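Novice: need a 3D model of the following:
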Amino acid sequence: MTALENPVLAVVFAAIFFYVLYGVIRAAVRDGIIQADERRQKARDGINSSSEGV
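Specialist: Prediction:
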């Protein structure tokens, strides 16, 4: 049996792959939430600044 046919090695590679995928998805979600917060803040500031001149 070669090293690449070892089922334990396949499980280890799968675990590493899914751990990296988890980190990428987590970072993307975090960045998306930060962008949404910034857009909401800009929209809120734009509404407040336009109503101050009235």
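Novice: just for the protein, where's the confidence low?
Specialist: 1, 3-4, 50-54 (pLDDT under 70).
Novice: the helix or strand hosting residue 14: how far from the chain's middle?
Specialist: Using DSSP states H and E, residue 14 falls within helix 7-52. Distance of helix 7-52 from its chain centroid, counting by Cα atoms, centre = their mean, to the nearest Å, is 3 Å.
Novice: just give me the neighbour total for residue 24.
Specialist: By the criterion of other Cβ atoms under 10 Å, residue 24 has 10 neighbours. C-beta here means a position set from N, CA and C on the backbone, and glycine is covered the same way.
Novice: just residue 29 next, same as before
Specialist: 10.
Novice: swap in residue 44?
Specialist: Count around residue 44 with other Cβ under 10 Å applied: 10.
Novice: nearest residue to the middle of this protein?
Specialist: Centroid-nearest residue in the chain, with Cα atoms, centre = their mean: residue 28, separated by 1.9 Å.
Novice: and that residue, how far is that from residue 44?
Specialist: Residue 28 sits 25 Å away from residue 44 when distances are taken as Cβ to Cβ, to the nearest Å.
Novice: follow-up on the earlier one: for residue 13, see how far away the residue nearest to the centre of the chain is.
Specialist: Distance, residue 28 to residue 13, using Cβ to Cβ: 23 Å.
Novice: check residue 48 too.
Specialist: For residue 48 relative to residue 13 (Cβ to Cβ), the value is 53 Å.
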